[in-house]
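J.: let's see this in three dimensions:
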Amino acid sequence: MTDQLPTIVHTYQNHTLDSTRWHSYQPRPDDIIIATAYKSGTTWMQEIVRQLIFVGQAAPQRDEAGLWDVSPWLEMRGAPLAEIMTKLEAQHHRRFIKTHLALDGLPYFPQVKYIVVGRDARDVAMSLWNHYANFTEAVYENNDPASRVGDPLPPCPADIHDYWRTFFTRGWFAWEREGYPFWGNLHHTQTWWDYRHLPNLLFVHYNDLLTDLPGEIQRIADFLQIPLADGALAAILPAVHLPAMRDRAERLDPLVKTIWKEGAKTFYFQGTNGRWKDVLSAEELRLYDEGASRVLSPDCRTWLESGRVALQCILLHQNIDRNM
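T.: Down below sits the predicted model:
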């Protein structure tokens, strides 16, 4: 943890990211930025926030535009920036923007609310494998070298074990040591965790969304200063349960049919945790352990592997020990 405010240290540019696109962003005082590495509940959180912003309106109004159209991924280099910024500036409702950037590559604004979503990196890796292995050819064909910095996205390895070993031992960027061929997952979380004391950052864990979705939605609403009238939470919940998200996936974003071989079925897949336990060897899991030990502080690792409740217990015990 540091007393300094976040500053940009690195420029993230590769086959997918271009962090310089954020130079075009002009914040509004009530903007919301949803920050995840990937496969940690990004779309889930976007839809929760959308439901909170438009609470009380009929569901068809909320769904009339694709989710990614309303809540753009600003640094994704494949989408025309001018078009995204025009749409964003034209929004009259409270804006909510998605980013996959680490905080050391993103401009920080004290007036903006940031929701940081985390998930056990082993579960992230398993989910990302399904995501990566089911890309359509259109994903690779669209990787235009004229605007790309660095190498193209390589094809997914045929063997999940090859993918796992590379993912936890190699980084795409020189300052990262895991996350290849995308970008650092552990590094991403740690850069945000270092500033968790800032009042405009809220950390939400994927496990906590799974186990206490109503409680987490209320916590998010409180952080965003969105009052929920009686019955509002009950009205929101049916739309943001994972089965409902799967059912509406192609309505929320028609591009899922272009990007993944089985569309929404691939994009959401199972949404469960712990599948790595039955797939990977002790040696392969040791690679994760070594990577986590290199990159994460002990408290960040505890939160990332277990969620809010486990971290609260550890911090409570630490306070007790200090006071004895």
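
J.: rest of the way, CA atoms for contacts and neighbours
T.: Fine.

J.: where does pLDDT dip in the stretch 51-200 of the chain?
T.: Applying pLDDT under 70 to the stretch 51-200 of the chain picks out residues 56-65, 142.

J.: show me where it has strands.
T.: 96-99, 113-118 (DSSP state E, counting those that start in this stretch).

J.: which stretch among the ones you listed comes nearest residue 39?
T.: strand 113-118 (9.1 Å; Cα to Cα).

J.: direction included, what does that closest one pair against?
T.: Strands that pair with strand 113-118, judged by DSSP bridges, come out as strand 32-35 (parallel), strand 201-205 (parallel).

J.: turn those into TSV, columns for mean pLDDT and distance to residue 295.
T.: Shown next, in TSV, are those (pLDDT from 0 to 100; distance: least, Cα to Cα, whole Å):
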stretch	mean pLDDT	distance to residue 295
strand 32-35	98	19
strand 201-205	97	18
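
J.: tell me the most buried of these?
T.: strand 32-35 (a mean of 22; mean count of other Cα atoms under 10 Å).

J.: can you give the distance from that one to the centre of its chain?
T.: Offset of strand 32-35 from its chain centre (Cα atoms, centre = their mean, to the nearest Å): 9 Å.

J.: dump it to PDB, restricted to CA.
T.: What follows is strand 32-35, C-alpha atoms only, in PDB (Å, rounded to 0.1, in the frame of the first residue of the first chain):
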ATOM      1  CA  ILE A  32     -18.000   4.300 -13.200                       C
ATOM      2  CA  ILE A  33     -15.000   2.200 -14.400                       C
ATOM      3  CA  ILE A  34     -15.200  -1.600 -14.100                       C
ATOM      4  CA  ALA A  35     -11.700  -3.100 -14.000                       C
END
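
J.: other residues contacting that strand?
T.: Outside of strand 32-35, the residues within contact range by Cα atoms under 8 Å, 6 or more residues apart in numbering are 42, 45-46, 94-101, 112-117.

J.: got it, and stretch 188-197?
T.: Taking Cα under 8 Å, 6+ apart as the rule, stretch 188-197 contacts 1-2, 5-6, 36-37, 101-104, 116, 118, 201-203, 295-297, 300.

J.: quick one, helices of the stretch 101-250 of the chain?
T.: For the stretch 101-250 of the chain, applying DSSP state H, counting those that start in this stretch gives helices covering 121-133, 137-141, 160-167, 186-193, 206-211, 213-224, 232-240, 242-247, 249-252.

J.: residue 79: which of these is closest?
T.: Here helix 137-141 is closest among the helices of the stretch 101-250 of the chain (Cα to Cα), at 12.7 Å.

J.: tell me what that closest one is packed against?
T.: If you count contacts as 3 or more Cα pairs under 8 Å, 6 or more residues apart in numbering; DSSP states H and E, helix 137-141 packs onto helix 256-259.

J.: separation between residue 298 and residue 308?
T.: Residue 298 sits 14 Å away from residue 308 when distances are taken as Cα to Cα, to the nearest Å.

J.: ok, the two, which is more surrounded?
T.: For residue 298 versus residue 308, neighbours defined as other Cα atoms under 10 Å are more numerous around residue 308 (17 against 11).

J.: contacting residues for that one?
T.: Residue 308 makes contacts with 204, 205, 208, as judged by Cα under 8 Å, 6+ apart.

J.: got a list of what the residue nearest the centre of the chain touches?
T.: Nearest to the mean C-alpha position of the chain, counting by Cα atoms, centre = their mean, stands residue 36 at 2.2 Å. By Cα under 8 Å, 6+ apart, residue 36 lies in contact with 42, 99, 100, 101, 116, 117, 118, 188, 189.
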